[in-house]
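Visitor: Based on what follows, work out the 3D shape:
(2 chains)
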Amino acid sequence: MPSWKFPFRKSPIDRQFDSELRFHIEKLTEENIAAGMTLEEARRRATLEFGGAERFKEELRDVHRVPILEATLKNFQWAVRFLRKSPSFSIVVILTLALGIGANSAVFSAIDAILLRPLPFPDGDQLMFLSQYNTKVKSPQTELSTLRLEDWNRMNSTFQAIAGYYAEDGSETSGALPEKVTEAFVTPRFLQVLGVSPALGRDFTPEEQHFGGPAAVLISDRFWRRRFGADPNALGMKLRINDFSQSIVGIMPASFGFPNRDVDMWTSVPTDAPYAQDRASTWYRTIGRLKMGAALAQARANLATVQAQLGKQYPKTDADLAVEIAPLKQTTIGGVRGSLWMLFGSVSLLLLIACTNIVALLLARGVQRHHEISVRLSLGAPRFVVVCQLLTESFVLALIGALIGLVVAGAASNVFRTLAKDLPRVEEIHLDARIVVYTLACSVLATLLCGLFPAIRGTRGALSGALAQNSRTQVSSRLPLHWFLVGVQVALAVTLLGGAGLLLRSFQALGRVSPGFEASHVLTLHVSGSWGETADMKGLVQRIDRIIETLRNTPGVQAAADSAELPGVPSEFQTELKFAEGPADPERKIVAESRFVSPGYFSTMQIPQLAGAPCQEPKLIVSPSSPGGVRVEAGSVTVLVNHSFADTYLPGSNIIGRHLQVQGNAFLRPEDAGEIRGIVGDAREVGLSREPTPTVYWCISAPSPDPYYLVRTHTEPMALAETLRKEVHSIEPARSVFDIVPLEEHLNDAFAENRLRTILLTFFAVTAVSLACIGLYGTLSYSVTVRRREVGLRLALGALQGQIVKHFLLQGLAVTLLGCAAGWALAAAFARVLSGMLYGVSPSDTATLFTVVLLMLLVAALAALLPSIRASHVEPMQVLREE
Amino acid sequence: MPIEKSDLLQGTLDMLILKIVTLGPIHGYAISQRLRQISREVLLVQQGSLYPALHRLEKRGWLAAEWGESENGRQAKFYKLSPKGRKQLDKEESNWNRLAEAVARILQTAQ
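Guide: Residues are numbered from 1 along each chain as shown, chains lettered A, B, ... in the order given. From the prediction side, this is the model:
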């Protein structure tokens, strides 16, 4: 018995011993006094007679000691000793569990960070995302104007505060070279809504938030380290952003990165600036913090009332607007929820397969240990105790597996970041106490799943009978339970493989899509520009035209253009339109995707012109009263429409020459009707996985001060990156050129989530198939061992080796086939879960499932071959002599 | 010559304690006195054996114990026989009698 003692000194039970023993000594003393001794002598004799009280108090403690801890400890010692005696068995089980538990914890760490945890702000669940939309037309208008935002903030009763923000890339020129920075423009109350304060310095003062007040900026921890080497004296220094000097008043904590991680600085935009007084210019994405106890439904009702009031007050701009509110967490996470839960389900199936595999191993092992267990039971060990000991063995294995699994999970964040760097909240994935607890819980679950059944089964049955018999003869050679477990593994593996097959097929289909434009040899880049430049539209348009011209004239460049959005990268701008000449079909609304491109876009992207003439940039006329100081000359706006637009909205008649007006959009007013100059081919502009939709291309090269520049090169596009940067720098020395990336890389990134789930599910499926094959191999090998005598006898009686091989092979394949049949049904159910994630392949695609089953059978046949051949090499004489 | 615990047959002490406790709730000191008196000073049970035995029997559920006031007004732990203990005592007594009889017969016959 280990000399382990309770760590505490005086327990209640110890005090009881004391008083019981003291009572005894006092009685002895009394007796001695009665016999005529003095008090002292009597006490001395009594103590002497009683003997060392301490010594047998220890014995008393031994009687009462809770045996669980000691028994557990002993169980652990035995278990470790036992597992060390059979290292190969232990290693197989540990690695299987490490993989199963590790993969599970890894996916859970992503789910925990992305889906379960509140956003990394104090009381993050109170944060809401607010947007407006036009109830009359199908055009997006999620951003708010300054005035409306301030109205909502002032008039509502359910939010503590509402604030807005938008971010743009700019150029910081106080250093030697212009540096590209991402600047967020925020309304008052921005930090208050998020519940964050600067780590150093302070928030904006009210003066800094008024028009004409001092220009102040808060910088990110990252920018502070990069630019100032984390020097606290950075506070008060000046930065020159887009030729505008601003003082640093605060440095944000390292953990703060809102609206995104790339933001380098935050600037306050005055709400009382003259240029901010237009209710129709929508600038801000809007967030609000709910009051304590206010529910989402209340907030929705409340803001609806507020907006209805505004509608009465400003009928022209506000009457058709409604408010949408959603938890900020939900809008941040977006659509990855489905993928993550699907992966979690898959990885749990994988753990189940791993456990099933181990159950089979433990069952086989239980038979080997039957003798040992019978001896222990017959020597009086209660069954419960033996079961506990067997479970402890499983637990030690699961625990070691889980610890290795933790290392796997720890690497998970890197895997997620590598596979899908744009995954929302991906930077929040990391190993912490919650993941450790989850992993330990997994190991306990695995212990019960793997260990309980074999332990109970292994300790069942006659005691003395088993002792007397030879363990070999009393095992049923049919092993129905083992084969059942193999079938289960095969079925689950086929399920995962079927799902992976469908995802791979859809990925393949995406790769084969012909997008209608040529993505290779196209380089994309940005040149910093700020919305402030829209005050001089003419200058802005000239600047952008000059940059495009410079790019096009660089040697090695075939064509250059710009576009507000990248082709094929998911982004939508659905607008409602009207023919100025009157509707072709009054019943039918015209809704189309609007893209803003320079005239060279079509030659750069190689989108063919099917009819009509190329489009031209609109002519600008100086007009001091208009925003931007210019207005578009009437009738000079031209558009091209794609084939599906012409086909959908004006089939059969000539569309060229008609004029399109945009409904309910501040950027393109109805008076800026665009003349349709021509028809171009259909291209998958809004995403490679989406069929081309009716699209209108507005030939306006300066829809924003910072569009994407697209450059078609003759050779490998990245080889021109530095040349292009230098060329642009020579004409725009104060601007930074950044994000020089081939278009194909953007297209790839757009499928990051798709790729993540495809790669992970394929990995899980391959692992599952391997595990199932190991299970099949193990069970068949075991079956061969158990049936050696029978095989020897058959061979002795003249059976051919080939017949023996065939017999075992067919047994393995029959079980696999049954597993595949069950797996087919499960895979069909799994496919329904996947249906939203598939492209170009039906969830009930028989060819995929058929291939999966064939693959499974093939791999299973390989796994079954070795033990079958081994069976046929049994030496009959040797086996028969053994008995 | 007094017989010490080590000479007692294994389990005998337990049986003797159970027997003495049948008389009613009794504390450890009184049990040791009774053992000595009834066995006419033949059985000297060390406290070092008595108390662990008492606690062991209590733990097995053969003895029930509770704290009460002793004859001199002090708190003492009183043991009494549980129904389970009574069954055990009956069993051990009959075993003992059979054994004693058998031993006695062998001794007589061998003379």
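
Visitor: can you give me the strands in chain B?
Guide: According to DSSP state E, chain B carries its strands in the segments B:3-4, B:26-27, B:43-44, B:63-69, B:75-81.

Visitor: Now do the contacts for A:Glu617.
Guide: Going by CB atoms under 8 Å, 6 or more residues apart in numbering or on different chains, A:Glu617 touches A:Val541, A:Asp545, A:Ser598, A:Pro599, A:Cys699, A:Ile700, A:Ser701. In this view, the C-beta of every residue, glycine as well, is placed from N, C-alpha and C.

Visitor: That one belongs to a strand, doesn't it?
Guide: No: when the secondary structure is assigned by DSSP: H, G, I helix; E, B strand; the rest coil, A:Glu617 falls in coil instead of a strand.

Visitor: Tabulate the strands of chain B in CSV, adding columns for mean neighbour count and distance to chain A.
Guide: Conversion of the strands of chain B to CSV gives the following (neighbours: other CB atoms under 10 Å in any protein chain shown; distance: least, CB to the nearest CB, whole Å):
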stretch, mean neighbour count, distance to chain A
strand B:3-4, 12, 13
strand B:26-27, 22, 7
strand B:43-44, 16, 11
strand B:63-69, 15, 8
strand B:75-81, 21, 5
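
Visitor: what bits of chain B have low per-residue confidence?
Guide: Counting by pLDDT under 70, chain B has low-confidence residues at B:1-10, B:110-111.

Visitor: Mind jotting down where the helices sit in it?
Guide: B:12-21, B:28-38, B:47-60, B:83-110 (DSSP state H).

Visitor: Tell me which of these approaches A:Leu194 most closely.
Guide: Judged by CB to CB, the one of the helices of chain B that comes nearest to A:Leu194 is helix B:47-60, at 61.9 Å.

Visitor: which secondary structure elements does the closest one contact?
Guide: In this structure, helix B:47-60 packs against helix A:12-34, helix A:53-64, helix B:12-21, helix B:28-38, strand B:63-69, strand B:75-81, with contacts taken as 3 or more CB pairs under 8 Å, 6 or more residues apart in numbering or on different chains; DSSP states H and E.

Visitor: Relative to A:Ala814, which of the ones you listed is closest?
Guide: Closest approach to A:Ala814 among these is made by helix A:53-64 (58.1 Å; CB to CB).

Visitor: That closest one: what's the following helix or strand?
Guide: Toward the C-terminal end, the helix or strand that comes next after helix A:53-64 (DSSP states H and E) is helix A:67-85.

Visitor: which other helices and strands contact whatever helix or strand comes next after that next one?
Guide: Under the assignment DSSP H and E, the closest C-terminal helix or strand after helix A:67-85 is helix A:87-111. Contacts defined by 3+ CB pairs under 8 Å, 6+ apart place helix A:87-111 against helix A:67-85, helix A:336-368, helix A:383-410, helix A:412-419, helix A:433-447, helix A:752-786.

Visitor: Tell me which of those helices sits nearest to chain B.
Guide: The closest of the helices and strands packed on helix A:87-111 to chain B is helix A:67-85. By CB to the nearest CB, the value is 10.5 Å.

Visitor: I'd like the average pLDDT over the closest one.
Guide: Helix A:67-85 comes out with an average pLDDT of 80.

Visitor: can you tell me which residues contact residue 58?
Guide: Going with chain A. Applying CB under 8 Å, 6+ apart, no residues qualify as near A:Glu58.

Visitor: wrong one, chain B
Guide: B:Ala64, B:Ala65, B:Tyr79.

Visitor: try 7 Å this time
Guide: For B:Glu58, the contacting residues are B:Ala65, taking CB atoms under 7 Å, 6 or more residues apart in numbering or on different chains as the criterion.

Visitor: One more: the one 10 residues further on?
Guide: With contacts defined as CB under 7 Å, 6+ apart, B:Gly68 is in contact with B:Pro25, B:Ala76, B:Phe78.

Visitor: A:Arg712 belongs to a strand, doesn't it?
Guide: Yes: assignment of A:Arg712 by three-state DSSP places it within a strand.

Visitor: Specify the beta-bridge partners of it.
Guide: For A:Arg712, the residues forming beta bridges with it (DSSP bridges) are A:Val522, A:Ala559.

Visitor: what's the neighbour count on it?
Guide: For A:Arg712, the count of nearby residues is 23 (other CB atoms under 10 Å in any protein chain shown).

Visitor: State the pLDDT value of it.
Guide: At A:Arg712, the pLDDT value in this model is 96.

Visitor: So it sits against A:Tyr601, correct?
Guide: No: taking contact to mean CB atoms under 7 Å, the distance of 10.6 Å between A:Arg712 and A:Tyr601 leaves them out of contact.

Visitor: Point out where the stretch 601-750 of chain A drops to low pLDDT.
Guide: By pLDDT under 70, the low-scoring segments of the stretch 601-750 of chain A are A:627, A:664-670.

Visitor: Please identify the helix or strand for whichever residue of it sits closest to chain B.
Guide: As assessed by CB to the nearest CB, chain B sits closest to A:Asp749 within the stretch 601-750 of chain A, at 69.5 Å. Element membership for A:Asp749, per DSSP H and E: helix A:743-750.
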